[in-house]
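Visitor: Here's my sequence, what's the structure:
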Amino acid sequence: TSLVVEWGARTGREVLTLQVSDNTDARLLVGLYRCTDLPGQFVWEPGLLTRAVTGGAWLLIEDIDRAPQEVVAILAPLVQEGVLTVSSLGGQVRAAPGFQLFLTQREQAGSVREELAKLVRTVMVTSLKQEELKSVIKIRFPKLKDLTEKILRMFSIITSPQDHTNYPDQAKLVNTLRASRQVSVRDLVKWCKRAQDTFTNNPSTQQLPELLYLDAVDIFCRFIHHKPIRSFIAEEIAFTLNISKDQANYFSSVHKPAISLKHSGLQVGRVFVPLSSSPPSLPPLHSVFSVTRHTSTLLEAVARAVTNSEPVLLVGETGVGKTTSVQFLADKTGRKLKVINMNQQSDSADLLGGFKPVSLSRSLHSLRELFTSVFCDTFSSLDNSKFLGHLDTCFRDQRWPDALQLMLHSLKVGLDKVIKTDQKLVIRWKEVRAKIKTGQEMVRRTDLATVFAFIEGTLTEAVKNGDWTLLDEVNMAPASVLECLSQLLESEGSITLYEAGDYKSISRHKDFRLFACMNPATDTGKADLAPGLRNRFTELYCDEMSDQADITMLVTDYLGNLSLQAKQISSIVTFYSQARLAADTTLTNGLGHRPTFSLRTLCRALKIGSSNPCGSVKRSLYEAFSLAFLTELDRTSHPVIRDLISKYIVGIKETSRLLKQPIVQLDVQSESVAGFWVKRGTLDPKPQPHYILTDTVNQNLADIARIV
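Guide: Residues are numbered from 1 along each chain as shown. Below you'll find the model as predicted:
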């Protein structure tokens, strides 16, 4: 990819990039009709392939081995005869001079597809040799020239572990690494950039080895899901960087980065994350977010990537704290975080934007803002306050023809004033003129058809404003939706709103950061990200919190207001361990599957219990843990969890006495339903004599009332 981009830059060529996948729609390459701002008007929007062909640009299609057959069928006549069939443009379009097609395929994908091999000239792009990597490091990172041999050995440990390590089960080592992300020179360059900055910012040589080692672990080890192999690779890297085995073990199992909120930012271990330039406030550390060793090490790794402007991919099972960690970091540094939940029905319009029906006033709002901005830059707003007030009145009363006529009157005067003095303002006034013309047509057609306008998506707004964006369950989204990310994930990334008919790239704000979360691809309906996308992220695998001390700290933080004794806290931790063991061995949920009890389940119970909704601490804890751990199970599994709650949360002897006592009514505006007090609505309660309350119905009612 970088070879094509580099040669395109050297020869002054426009290089368009397209990431394809199994689900890529061939129509998107050729083009589609789209609506415009004018009601009832549709225009042909050429796709990326058509634009490259007609404009004589270079087109780079990534991971062509994953493309469906229909995409290859479109490319065949283009390569063989130099023509592209586009019915909307009058049939066949001949490629303009300068057009060039480049296809990429990863070596791991095997041989080139037979139908492709007949069409293209295959060039094997070999990996950089050791001597070439040395030259790259010495030239691009001069401060690392003395570490070149160590860096190359460290890189070889990851890329060829079977040749440089003595792991007892070599086959498992190789297969585990192969099943994870594919480490490439891009990762090596990422580490070298961090190392160069470390040398610059930390002249003291005493801490240098440790800082370099921690960065190496984040980039080359943290993505490995198998903990023993991750620790083994970390030890090998430690040996290479002159870190003792004891130090490596300390960092992997004991070290807890300190987290403190300072006046100018958040200190997370070795990383300082500055506050936003316009933070809403300086909030204290949230008491319910438990800063355990588990969360601290994850936060430090995420913060390190954030300060280096690297996109972050968090991989882990449900409820291990992926989303919460990013939310915590954003909250404490005053950043606006936009969370987008991806699913199989997600559309590119959710991210980038699309045309949607709007009111005429909203559609003309952008014209009003543009006009006011250009007018005030050309004339004195104070001297023309009466005119601007009249314009505001027209917009407020929705007198659109009058408002547009007022703008037209000042348009000619404004152009005459700046045409010889300020060409930038001339361009802006011409933009106003074009939008006024469109506005007049919209007003004329508004009775005939619905008004549509391009509404920017959440990701586009974040890129422009410098907000943080989190794509949750990113591997649930169709690959065609994620294709827009490939351009954005580069260091100087941008996005292009082709759907809006605007081919100008929107450069990302310096404060914009992109995060993605996903469960491992072993889950049903979830696939791995395309290698070309996944490789551009800094990937961190999030383990489940298993350390007893960490879980004890979590329970203590959540239930601090209840003043429980240490023995009671310890019993709750034991309950969690026993409930998880039962979930893996004996319990079944309503669908007949094994339930999943995660940290999220425990935190839900703790959060509800801490509010003491029943007016009695023990009763509140009993009902809170029943709600979180009991309601999703089938009836045959209920006694197991009830017994565990009785034994560890309340006490076997007290359970029967506790359940015989009615729950205290804390709100007089509430009604008793199956023993629970439910807040009364605005209507009068009505008895339901026809509703038969059997034992099963009562149990179901109790489960629902408990939640409400």
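Visitor: how about low-confidence regions in this structure?
Guide: 23, 36-40, 88-90, 108-112, 203-205, 278-287, 446-450, 480, 498-504, 522-526 (pLDDT under 70).
Visitor: And residue 642, how close does it get to residue 571?
Guide: 16 Å (C-beta to C-beta, to the nearest Å). Glycine gets a C-beta too; all of them are placed from N, C-alpha and C.
Visitor: repeat for residue 514
Guide: With C-beta to C-beta as the criterion, residue 514 and residue 571 are 42 Å apart.
Visitor: Which one's more surrounded, these two?
Guide: Shown here are residue 514 and residue 571; by other C-beta atoms under 10 Å, residue 514 has more neighbours (23 against 18).
Visitor: Next, the more buried one: secondary structure please.
Guide: Classification of residue 514 using DSSP: H, G, I helix; E, B strand; the rest coil returns strand.
Visitor: Please report the number of neighbouring residues for the residue nearest to it when sequence neighbours are not counted.
Guide: Nearest residue to residue 514, sequence neighbours excluded (C-beta to C-beta, 6 or more residues apart in numbering): residue 311, at 4.4 Å. Residues contacting residue 311 under the criterion other C-beta under 10 Å number 23.
Visitor: tell me the contacts of residue 612?
Guide: With contacts defined as C-beta atoms under 8 Å, 6 or more residues apart in numbering, residue 612 is in contact with 562, 620.
Visitor: Determine whether the claim that it is in a strand is correct.
Guide: No: Residue 612: not assigned to a strand; according to three-state DSSP it is coil.
Visitor: Could you tell me how far it is located from residue 482?
Guide: For residue 612 relative to residue 482 (C-beta to C-beta), the value is 45 Å.
Visitor: ok, longest helix in this structure?
Guide: helix 423-445 (DSSP state H).
Visitor: chain center to stretch 434-452: distance?
Guide: 37 Å (C-alpha atoms, centre = their mean, to the nearest Å).
Visitor: Flag every buried residue along it.
Guide: Using 16 or more other C-beta atoms under 10 Å as the test for burial, stretch 434-452 gives 435-436, 438-440, 442-443, 446, 451-452.
Visitor: Now render those residues as JSON lines, adding distance to residue 129.
Guide: Formatted as JSON lines, these follow (distance: C-beta to C-beta, whole Å):
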{"residue": "435", "distance to residue 129": "56"}
{"residue": "436", "distance to residue 129": "61"}
{"residue": "438", "distance to residue 129": "57"}
{"residue": "439", "distance to residue 129": "61"}
{"residue": "440", "distance to residue 129": "65"}
{"residue": "442", "distance to residue 129": "61"}
{"residue": "443", "distance to residue 129": "66"}
{"residue": "446", "distance to residue 129": "66"}
{"residue": "451", "distance to residue 129": "60"}
{"residue": "452", "distance to residue 129": "55"}
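Visitor: Report the two of those residues separated the most.
Guide: By the measure C-beta to C-beta, 436 and 452 form the most distant pair in the buried residues of stretch 434-452, at 18.7 Å.
Visitor: So which other helices or strands are in contact with the longest helix of the chain?
Guide: Identification of packing neighbours for helix 423-445 by 3 or more C-beta pairs under 8 Å, 6 or more residues apart in numbering; DSSP states H and E yields helix 360-378, helix 400-418.
Visitor: and residue 537, which of those helices is closest to it?
Guide: The nearest among the helices and strands packed on helix 423-445, by C-beta to C-beta, is helix 360-378 at 34.2 Å.
Visitor: That closest one packs against which elements?
Guide: Using 3+ C-beta pairs under 8 Å, 6+ apart, the elements in contact with helix 360-378 are helix 385-396, helix 400-418, helix 423-445.
Visitor: where does the shortest one sit relative to the chain's centre, distance-wise?
Guide: Centroid separation between helix 385-396 and its chain, computed with C-alpha atoms, centre = their mean, is 43 Å.
Visitor: same thing with stretch 559-577?
Guide: The answer for stretch 559-577 is 34 Å, by C-alpha atoms, centre = their mean.
Visitor: quick one: buried residues of it?
Guide: Taking 16+ other C-beta under 10 Å as the criterion, stretch 559-577 shows 559, 562, 564, 568-569, 571-576 as buried.
Visitor: Using CSV, lay out these together with distance to residue 58 and secondary structure.
Guide: Output for the buried residues of stretch 559-577, formatted as CSV (distance: C-beta to C-beta, whole Å; DSSP: H, G, I helix; E, B strand; the rest coil):
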residue, distance to residue 58, secondary structure
559, 61, coil
562, 65, helix
564, 66, coil
568, 68, helix
569, 63, helix
571, 66, helix
572, 62, helix
573, 60, helix
574, 63, helix
575, 62, helix
576, 57, helix
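Visitor: Out of those, which comes closest to residue 636?
Guide: Comparing the buried residues of stretch 559-577 against residue 636 with C-beta to C-beta places residue 575 closest, at 20.1 Å.
Visitor: what sits against the closest one?
Guide: Residue 575 is in contact with 625, 644-645, 647-649, counting by C-beta under 8 Å, 6+ apart.
Visitor: Out of those, who's the most crowded?
Guide: The residue in those with the most neighbours, by other C-beta under 10 Å, is residue 625 (28 neighbours).
Visitor: Against residue 701, how distant is that one?
Guide: For residue 625, the distance to residue 701 equals 19 Å [C-beta to C-beta].
Visitor: To what extent is residue 82 buried, counted in neighbours?
Guide: For residue 82, using other C-beta under 10 Å, the count is 13.
Visitor: Ok, residue 694 next?
Guide: The burial count for residue 694: 8, using other C-beta under 10 Å.
Visitor: Ramachandran angles for it?
Guide: phi -80, psi 170 (degrees, to the nearest 10).
Visitor: ditto for the one 5 residues further on
Guide: Listed backbone geometry of residue 699 is phi -60, psi -40, with angles given as degrees, to the nearest 10.
Visitor: residues contacting it?
Guide: Taking C-beta under 8 Å, 6+ apart, we find residue 699 in contact with residue 635.
Visitor: Of the buried residues of stretch 434-452, which is the nearest to residue 247?
Guide: residue 452 (61.7 Å).
Visitor: distance of residue 185 from residue 269?
Guide: 28 Å.
Visitor: ugh, wrong one, residue 670
Guide: Distance, residue 670 to residue 269, using C-beta to C-beta: 47 Å.
Visitor: what about those two, which has more around it?
Guide: residue 269 (18 against 13).
Visitor: That one reaches residue 300, doesn't it?
Guide: Yes: Residue 269 is in contact with residue 300 according to C-beta atoms under 8 Å; the separation is 3.9 Å.
Visitor: any common contacting residues for those two?
Guide: Common neighbours of residue 269 and residue 300 (criterion: C-beta under 8 Å, 6+ apart): residue 257.
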